[in-house]
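Asks: I need the structure of the sequence given here:
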Amino acid sequence: MTDAVDTATTTASGTESATSQAVTTEQQTAATDQGQQQAQQQQQEQAAKPVVPEAYAFSNLPEGYSISEEQLAAFSPVLKELGLTQEQADKLVAFDAQRALAANEASQQQAVDFRNKQVGEWETALRSDASFGGANFDANVAIAKQALADYGTPELTTMLAESGLGSHPEVVRFFHKVGQQLAEGKLHRTTTEVPKPEISIVDAFR
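Replies: Numbers count the residues shown, from 1 in each chain. Model prediction:
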């Protein structure tokens, strides 16, 4: 009977040992699988992580929009801090370019509108001027234009036309007066040379 008990005890112990080994093996396998899964997950995360370039370069900018070296140096650290890839930075710059160009176009249009409005007001003032406008307006303008053509440079003519100052009442009146006096022979070349005295002031008091 003692042998039977010993045999049963040994059998039970062997069963427990086998069970323990099986559990340990399962735990090791599970740990290995978990480690492999974590490694795969880390690899996937690293592969999915955006690649931030060492230096950003923007070579395909729209016409009329530019980035200076100083500007690039100023906002590159911000782009890196945000973790933007070159592709993402390109999209951001493209958006800013569209905004800047639209704002510039709007500003230029406002300047043109203001110029045209101002020129219209000046011309209206000249036409309604009692001494210059009315029935004599076209003739007076022709005299002013002739004086500008005869004595002004092409660069002056271009500047007056582009700026709109060629319609300013005072400018038109000035050239009209020059044209009138030239036509009437009243305008002559004068000299500003100061005559030299025969004796000096020091000699006069000797």
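Asks: make it CA atoms for all contacts and neighbour counts henceforth
Replies: Noted.
Asks: for stretch 89-102, what is the average pLDDT?
Replies: Taken as a whole, stretch 89-102 has a mean pLDDT of 92.
Asks: Let the chain start at 805 from now.
Replies: Right, with 805 as the first residue, what we last looked at is stretch 893-906.
Asks: In it, which residues are buried?
Replies: Of all the residues in stretch 893-906, those buried under the rule 16 or more other C-alpha atoms under 10 Å are Ala893, Asp894, Val897, Ala898, Ala901.
Asks: Which ones among these lie within helices?
Replies: Ala893, Asp894, Val897, Ala898, Ala901 (DSSP state H).
Asks: circling back: of the buried residues of stretch 893-906, closest to Glu874?
Replies: In terms of C-alpha to C-alpha, no member of the buried residues of stretch 893-906 lies closer to Glu874 than Val897, at 15.3 Å.
Asks: ok, that closest one to Val882 distance?
Replies: 13 Å (C-alpha to C-alpha, to the nearest Å).
Asks: how does this structure divide into domains?
Replies: Segmentation of the chain into domains, based on automatic domain parsing, reads 805-853, 854-929, 932-1010.
Asks: between those domains, which gets the lowest average pLDDT?
Replies: domain 805-853 (a mean of 60).
Asks: before we move on, back to that, in a markdown table, list the ones in helices among the buried residues of stretch 893-906 along with distance to Pro866.
Replies: Shown next, in a markdown table, are those (distance: C-alpha to C-alpha, whole Å):
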| residue | distance to Pro866 |
| --- | --- |
| Ala893 | 15 |
| Asp894 | 11 |
| Val897 | 10 |
| Ala898 | 8 |
| Ala901 | 7 |
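Asks: which residues in the chain form strands?
Replies: In the chain, no segments count as strands under DSSP state E.
Asks: What segments of it are helices?
Replies: Using DSSP H, the helices of the chain run over 806-852, 873-885, 890-931, 941-955, 958-967, 973-988, 1005-1008.
Asks: Taking helix 958-967 as reference, get the angle to the fourth one.
Replies: With axes from the mean of the first three to the mean of the last three C-alpha atoms, to 10 degrees as the basis, helix 941-955 and helix 958-967 are set at 140 degrees to each other.
Asks: And helix 941-955, what does it pack against?
Replies: helix 973-988 (3 or more C-alpha pairs under 8 Å, 6 or more residues apart in numbering; DSSP states H and E).
Asks: Show me which positions of the helix it packs on end up buried.
Replies: Using 16+ other C-alpha under 10 Å as the test for burial, helix 973-988 gives Pro973, Val976, Arg977, Phe979, His980, Lys981, Val982, Gly983, Gln984.
Asks: Lovely, talk soon.
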